[in-house]
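In: Give the three-dimensional model of this entry:
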Amino acid sequence: MAHKGSCHCGKIAYEVEGEFHEVTECNCSNCSRRGYLLWFVPSDKFALKTPEGNMAHYTFNKHRIKHYFCPACGSAPFGMGEDGKGNKMVAVNVRCLEGVDPRNLKIRFVDGRSL
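Out: Take a look at the predicted model:
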C-alpha cells in the first residue's frame, strides 16, 4: 500500500510503500519534543517527491540519523539513517501521513533516553 506524506506547507512531499501495524514512540530528547510516531522502512520503499533542497536536517548525539524538517513550516516528516546491520532506513513520522489517525495505532515505547 502506498502512503503519501508531507510537511505542513507541502514543500516536502514523499511517498512510502508498505503497511504498518505498529509504530514507535521514543522518549529521547529529540523524539519526545517533536512528538514523533515512527514507522521504520527500508530506504528503497521511500520516494521523495520534492527537491532535496527544500529540506534541512538536524543530527545529535552520535549523529547517525539525519532528522529532516521543513525550514518554512517546521514540520519534521522523517529521518534517514542505517539500522544495526548497516541497511539504509527511513524513520517516517506517521503523523505526517495522509489519512492516518494516531489514536488507532499500536504504539511500541522505546526508552531512547537511556541508550
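
In: For the protein, which segments count as helices?
Out: Here the chain has its helices, by DSSP state H, at 29-34.

In: Please enumerate the strands of it.
Out: Applying DSSP state E to the chain gives strands spanning 2-6, 13-17, 23-26, 38-42, 46-48, 56-58, 66-69, 78-82, 88-93, 107-110.

In: can you tell me which of these comes nearest to residue 100?
Out: strand 2-6 (7.6 Å; C-beta to C-beta). The C-beta positions use only the backbone N, C-alpha and C, and glycine is treated the same way.

In: ok, and for that closest one, which residues are buried?
Out: Using 16 or more other C-beta atoms under 10 Å as the test for burial, strand 2-6 gives 3, 5, 6.

In: returning to what we had before: want to throw the strands of the chain into a markdown table with mean pLDDT?
Out: As requested, the strands of the chain are exported to a markdown table (pLDDT from 0 to 100):
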| stretch | mean pLDDT |
| --- | --- |
| strand 2-6 | 97 |
| strand 13-17 | 98 |
| strand 23-26 | 95 |
| strand 38-42 | 96 |
| strand 46-48 | 98 |
| strand 56-58 | 94 |
| strand 66-69 | 95 |
| strand 78-82 | 95 |
| strand 88-93 | 97 |
| strand 107-110 | 95 |
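
In: Looking at these, which is nearest to residue 99?
Out: Of the strands of the chain, nearest to residue 99 by C-beta to C-beta is strand 2-6, at 8.0 Å.

In: Can you list the buried residues in stretch 55-69?
Out: Residues 55, 65, 67, 68, 69 are the ones in stretch 55-69 that count as buried (16+ other C-beta under 10 Å).
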